[in-house]
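Engineer: Sequence below, structure please.
(chains A, B, C and D)
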Number of protein chains: 2
Amino acid sequence: MNSQQKERKKRDTSKKHKLIMEKAVEVFISKGYDSASMDGIAETAGVSKRTVYNHFQSKENLFQEIIAAFLADRDRIKPMDYAKNRPLEEQLLSFARAELYLIDDPLRRGLSRLLTSVFLMDSELGNATRGQYSPHAGLIRWIEAARDEGRLSCDSPALAARIFYGLVEGCITWGAMMSDGKNLQGLDPLLDEIIAVFLSRYGTGS
Amino acid sequence: MNSQQKERKKRDTSKKHKLIMEKAVEVFISKGYDSASMDGIAETAGVSKRTVYNHFQSKENLFQEIIAAFLADRDRIKPMDYAKNRPLEEQLLSFARAELYLIDDPLRRGLSRLLTSVFLMDSELGNATRGQYSPHAGLIRWIEAARDEGRLSCDSPALAARIFYGLVEGCITWGAMMSDGKNLQGLDPLLDEIIAVFLSRYGTGS
DNA sequence: TCTATACTACACCGTTGAGTGTAGTATAGA
DNA sequence: TCTATACTACACTCAACGGTGTAGTATAGA
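Structural biologist: Modelled structure (predicted):
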C-alpha cells in the first residue's frame, strides 16, 4: 500500500556485497569449502558475521553466488573465434589461450582449483554446473569450417576437438592447477608444440 | 626383561585392519574426506568406533595409510615397458593402459577422484606425495631408445613424453574422473587416435 | 536535522564430529 | 582350561561451526 514510501530509502549495499564475496573467495581458496568458516570469512572481510548473513542466506548460498560469478566471467571470454584465412596456428593459439584464461591468473587459478576439487567429489553439482556448457562446440565448428576450405583433414571434427582440448588441458591446465602455476614458465614453446602436434595429424599444409 | 613372555601372545589383527581400511575407503569416496566421519566409518565396517581408533591413531592417519596403500598398488603396476622391435603402436598402447589403470576400475577411479580432490586443495600434501614419483621417466627412456633406433624423431624426449601423457590424461583420465567413467565407452578408437596423433608428429615410418 | 536502513558486537543455540576412558565380553593361543 | 589380548558398548569431553536474536550505533538520503 505505502510501497512508494518504503522504497524511498534504499542504500547501495553492492560495495559491501562485493567485498564480502571477494574476501570469501580468498578464504575458500586457501582453506577449501569445508574448512572455510563463516566466522573466518567475516573476519577476513572486516565485517560482522551478522552482516555476512544479511547478504547471503547461507554458506552454500554464498558459495553458489561465487561460482555463478566465476562462470559468468569465464563465459564472457569464451566466444572469440571464427574461421578466416589467417594462419591456422594463430587461430588455434587463440583457442588455447581462451582455455588458459582459467588458470593464467592466481585468483582464477585458485578458483579453478577449488571448483574442480568440489566438483570432483560432488558429481551432481558438477554436472549441473557444467551441464549447459559445451566448450567444444566452438572449436568443432571452426574445424569444420577449416576442413571445408581444405586446410584441415579429419573424419570427425568432434574427435579432433577432443584431441586439441585434451592436449591443452592435459599438458598445461591440470599441471598448473596441481602445481599452482609453477609449470607456466616457458609456456610458449609448449603451446607451439601442442599446435604442431595437432596440425601434423590434421593439417593439410594449407 | 620378560619380553619373550610378552610376545608369546599376539593375535593376528590384520584381517580387521584391512576390513576397516576397505570400508573407510568406501566412506571417504562417497562422502569426501571432511564429510566422512569416524563414526560412519566404524558403522560401515560393522566395528566399534574404539576399534577403529585402536587400529589407527587418527582420522588423518587412517587416510594416510589408505593413500600409501593406493600408491603402492599403483607403483606395482607402473614398470612394465621397454624398447623392442614390436610395433610402436602396441608399446605406446601399453603405456597408455598403465596410465589408465588408475581409472579403469570403479574403486580405483573413486580413489583417484578423492586423492585428486584432496591434493588440489592441499598442495603441500600433494607435492609431498607426488614428489618421489616421476611417471614420465619410463616413457622418456623408451622414447630415447626408439629414437636411437631411428623409429622416432624428436628434439626433446621429455617434451614428447609430456605431450603423450597430456593426451592420455587430458582426453581420457580427467573426463573419466569428472563423469565417473561414463566416457570410457568406446575407448579403443580414442586410444588409437591418440597414438596416431603422437606418431604423426614424432614417428618416422619405422 | 531526522529517520529508516545497514551494520556491529555479542551472546546464544543446536549439532556434529574427533577423540578418550572404562567396564565388561568374546576369543585365540598356550 | 586359563589368560592376555582384541573387541564392544557407551558415556563422555571438548571444540568448532552454522546460524539466529537482539540491542545499540553509525550513516545515507530526504
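Engineer: Show me which parts of the helix or strand hosting A:Ala128 are buried, residue by residue.
Structural biologist: A:Ala128 is part of helix A:123-131, with elements assigned from DSSP states H and E. Residues A:125-126, A:129 are the ones in helix A:123-131 that count as buried (16 or more other C-beta atoms under 10 Å in any protein chain shown). Glycine gets a C-beta too; all of them are placed from N, C-alpha and C.
Engineer: Show me where chain A has its helices.
Structural biologist: A:3-6, A:14-31, A:38-45, A:49-55, A:59-77, A:88-100, A:106-121, A:123-131, A:136-148, A:157-168, A:174-179, A:187-202 (DSSP state H).
Engineer: Just send those helices back as CSV, with distance to B:Leu190 and mean pLDDT too.
Structural biologist: Below are the helices of chain A laid out as CSV (distance: least, C-beta to C-beta, whole Å; pLDDT from 0 to 100):
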stretch, distance to B:Leu190, mean pLDDT
helix A:3-6, 60, 39
helix A:14-31, 34, 97
helix A:38-45, 43, 98
helix A:49-55, 46, 98
helix A:59-77, 26, 93
helix A:88-100, 20, 93
helix A:106-121, 21, 97
helix A:123-131, 20, 77
helix A:136-148, 14, 92
helix A:157-168, 7, 97
helix A:174-179, 18, 94
helix A:187-202, 14, 98
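Engineer: Most tightly packed of these?
Structural biologist: Neighbour counts (mean count of other C-beta atoms under 10 Å in any protein chain shown) averaged over each of these peak at helix A:157-168, with a mean of 22.
Engineer: on that earlier part again, now, among the buried residues of helix A:123-131, which is nearest to chain B?
Structural biologist: A:Gly126 (6.5 Å; C-beta to the nearest C-beta).
Engineer: any idea how far the spatially closest residue to the closest one that is not a sequence neighbour is from B:Arg130?
Structural biologist: Once flanking residues are discounted, A:Gly126 sits nearest to A:Phe119: 3.2 Å by C-beta to C-beta, 6 or more residues apart in numbering or on different chains. In this view, A:Phe119 and B:Arg130 are 21 Å apart by C-beta to C-beta, to the nearest Å.
Engineer: do the same with A:Asp180
Structural biologist: 13 Å.
Engineer: for A:Ala68, same thing?
Structural biologist: From A:Ala68 to B:Arg130 the distance is 32 Å (C-beta to C-beta).
Engineer: A:Ile67 now?
Structural biologist: 27 Å.
Engineer: swap in A:Leu120?
Structural biologist: In terms of C-beta to C-beta, A:Leu120 sits 16 Å off from B:Arg130.
Engineer: go on, A:Asn127?
Structural biologist: Distance from A:Asn127 to B:Arg130, by C-beta to C-beta: 28 Å.
Engineer: Please apply the same query to A:Phe198.
Structural biologist: Distance from A:Phe198 to B:Arg130, by C-beta to C-beta: 28 Å.
Engineer: again, but for A:Asp105
Structural biologist: Counting by C-beta to C-beta, the gap from A:Asp105 to B:Arg130 is 24 Å.
Engineer: for stretch A:143-157, how far is the first residue from the last?
Structural biologist: For stretch A:143-157, the first-to-last residue distance is 6 Å (C-alpha to C-alpha, to the nearest Å).
Engineer: So that stretch, near chain B or not?
Structural biologist: No: using C-beta under 8 Å from any C-beta of the partner chain, stretch A:143-157 never reaches chain B; the gap is at least 8.7 Å.
Engineer: For chain A, what lies in contact range of DNA strand D?
Structural biologist: Among all residues of chain A, those adjacent to DNA strand D (criterion: C-beta under 7 Å from any atom of the strand) are A:8-9, A:11-12, A:35-40, A:49-50, A:53, A:57-60.
Engineer: Check these one by one and keep those near chain B.
Structural biologist: A:Ser35.
Engineer: circling back: can you list the helices and strands that the helix holding A:Ala128 packs against?
Structural biologist: Here helix A:123-131 touches helix A:106-121, helix B:174-178, going by 3 or more C-beta pairs under 8 Å, 6 or more residues apart in numbering or on different chains; DSSP states H and E.
Engineer: so which of those comes closest to A:Ile143?
Structural biologist: The closest of the helices and strands packed on helix A:123-131 to A:Ile143 is helix B:174-178. By C-beta to C-beta, the value is 19.0 Å.
Engineer: I'd like to check what contacts that closest one. Which residues are they?
Structural biologist: For helix B:174-178, contacts defined as C-beta atoms under 8 Å, 6 or more residues apart in numbering or on different chains pick out A:119-120, A:123, A:126, A:130, A:169-170, A:174, B:103, B:109, B:112-113, B:116, B:183-184.
Engineer: ok, 7 Å please
Structural biologist: A:119-120, A:126, A:169, A:174, B:103, B:109, B:112-113, B:116, B:183-184 (C-beta atoms under 7 Å, 6 or more residues apart in numbering or on different chains).
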